[in-house]
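1. whatever this is, show me its structure:
(one chain, ligands or ions: 1)
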Amino acid sequence: MSGRRITVVVDKTRCMGSGHCLYAEPAVFDQDDHDGIVILLDEHPPEELLANVRHAVHTCPAQAIAVTVEDAEDGLDAP
Ligand code: SF4
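-> Predicted structure coming up:
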């Protein structure tokens, strides 16, 4: 099997509701209608969205988003 596993994590306690992440990739990030806090729509987005997710990481003013990319072929995290 090929492909990389992308994992996105958001820290809602840091989020200040700026909306940068939603602008960067609306398929992965949304905002709560009431308080504007980030909602993670897709914890494991497809590879084609990785550039946009990384853009969200870099533009988030609260540094509330992290992304990791694991090479599925390495099996480094296999139990
Ligand atoms: S860009 Fe950061 S601070 Fe702004 S809504 Fe997204 S997670 Fe929250």
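2. so what's the residue nearest to residue 42 when sequence neighbours are not counted up against?
-> Take residue 42 and drop its neighbours on the chain: the residue closest to it by Cβ to Cβ, 6 or more residues apart in numbering is residue 28, 4.8 Å away. The C-beta positions use only the backbone N, C-alpha and C, and glycine is treated the same way. Applying Cβ atoms under 8 Å, 6 or more residues apart in numbering, we find residue 28 in contact with 8, 21, 40, 41, 42, 45, 49, 52, 53, 56.
3. looking at this, the fifth one is in a strand?
-> Think residue 42. No - under the criterion used here (DSSP: H, G, I helix; E, B strand; the rest coil), residue 42 is coil, not part of a strand.
4. wait, doesn't it sit right on residue 30?
-> No - using Cβ atoms under 8 Å, residue 42 is not in contact with residue 30, being 10.0 Å away.
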